[in-house]
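S.K.: Kindly return the folded structure for what I paste below:
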Amino acid sequence: MPDGVEKRRFARTELNAAAQYRVAGDETLRQGWLGNISAGGILLWTDQALPMGTTLCLRISSDELGEGEVEITATVVRLEPQRLNERFGHGCRFDAIYSGPYANAG
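M.R.: Numbering: from 1, shown residues only. All right, here's what the predicted structure looks like:
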């Protein structure tokens, strides 16, 4: 496959939205920022480096998503090679998405 060929399964849409996240098993809620989103995952910028395979619980509130608040369980599957404004980029694959009246359940 030639260099520069898109390998992603889903098209990405640029998105600038704040997100709250916590590492599964840890109750500390942290602030992050979404860089893009697709049907399969997101690019999450954080102040801390997260290892590959980390499971995250995210809460996203954005008018751009049209759902109000969405809660997501995702796994870090890729690390962005370059930092942006002292933030670390993490490609995250969606494991589960909750919106509407069930978003705050469990």
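S.K.: so what secondary structure elements neighbour whatever helix or strand Arg22 lives in?
M.R.: In this assignment (DSSP states H and E), Arg22 forms part of strand 13-23. Counting contacts by 3 or more Cβ pairs under 8 Å, 6 or more residues apart in numbering; DSSP states H and E, strand 13-23 is packed against strand 30-37, strand 41-46, strand 55-62. From N, CA and C alone the C-beta is placed, and that goes for glycine too.
S.K.: Report the buried residues of that strand.
M.R.: Buried residues in strand 13-23, counted by 16 or more other Cβ atoms under 10 Å: Leu15, Ala17, Ala19, Tyr21, Val23.
S.K.: and what of stretch 43-52?
M.R.: Leu43, Leu44, Trp45, Thr46, Leu50.
S.K.: Can you lay out those residues as JSON lines showing pLDDT and distance to Gln31?
M.R.: Shown next, in JSON lines, are the buried residues of stretch 43-52 (pLDDT from 0 to 100; distance: Cβ to Cβ, whole Å):
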{"residue": "Leu43", "pLDDT": "95", "distance to Gln31": "16"}
{"residue": "Leu44", "pLDDT": "96", "distance to Gln31": "11"}
{"residue": "Trp45", "pLDDT": "95", "distance to Gln31": "10"}
{"residue": "Thr46", "pLDDT": "96", "distance to Gln31": "8"}
{"residue": "Leu50", "pLDDT": "96", "distance to Gln31": "14"}
